[in-house]
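this is a predicted model, with the sequence first.
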Amino acid sequence: MERATVRLGLIGCGGISGYHARNIASTPGAAVTALADVSEANMAGLQERFPALADAATYTDYHDLLAGDVDGVVVATPHGLHYRHISDALEAGKHVLTEKPFVTRPDQARELIDLARSR
């Protein structure tokens, strides 16, 4: 039986995203198929460093990525944005991996954990 590829989107294409892109590319059955960043230059730079990302869809609004054809996302944005990005991704029915810190307040962490469990 052929195994389906897990399609992942990167939300945030700054410095740490290259680490995730490299690790995902080396994982059988996983591929980065979409990128989102407010900076088109960040996305272009990531695609230049990782040719496997050349055909990835690019979005300057992460909501468009979430509406697309991805199974999950890696949230690699500044930590002050994590809560909103994680919450929106979970609401969109996506699996989520995020950089640390997870969120900036304990009540946000509890809320997101409950949201993830309910999904």
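The structure has been received and is ready for your questions. Given the structure is predicted, the values throughout are model-derived calculations rather than measurements.

so what's Val96 closest to, chain neighbours aside?
Among residues not flanking Val96 along the chain, Ala89 sits closest, at 4.9 Å (C-beta to C-beta, 6 or more residues apart in numbering). For glycine as for every other residue, the C-beta is placed from the backbone atoms N, C-alpha and C.

give me the contact list for the longest helix along the chain.
In the chain, taking DSSP state H as the definition, the longest helix is helix 106-118. Residues from elsewhere that reach helix 106-118 (C-beta atoms under 8 Å, 6 or more residues apart in numbering): 83, 86-87, 90-91, 96, 102-103.

with secondary structure and distance to Met43 added, can I get these in TSV?
Listed next are the contacts of helix 106-118 as TSV, based on DSSP: H, G, I helix; E, B strand; the rest coil; distance: C-beta to C-beta, whole Å:
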residue	secondary structure	distance to Met43
Tyr83	helix	23
Ile86	helix	20
Ser87	helix	23
Leu90	helix	23
Glu91	helix	24
Val96	strand	20
Phe102	coil	24
Val103	coil	25
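
distance check, His20 against Leu46.
In this view, His20 and Leu46 are 10 Å apart by C-beta to C-beta, to the nearest Å.

comparing those two, which shows the higher neighbour count?
The residue with more neighbours, out of His20 and Leu46, is Leu46; 24 against 20, by other C-beta atoms under 10 Å.

helices or strands up against the helix or strand harbouring Ala21?
Per DSSP states H and E: Ala21 is located in helix 17-25. With contacts defined as 3 or more C-beta pairs under 8 Å, 6 or more residues apart in numbering; DSSP states H and E, helix 17-25 has these neighbours: strand 6-11, strand 30-36, helix 40-49, strand 72-75.

mean confidence for the longest helix of the chain?
Throughout helix 106-118, pLDDT has a mean value of 95.

and Val74, what are its bridge partners?
Assessed by DSSP bridges, Val74 has beta-bridge partners Leu10, Leu97.

equivalent analysis for Tyr59, please.
Tyr59 has these beta-bridge partners by DSSP bridges: Ala36.
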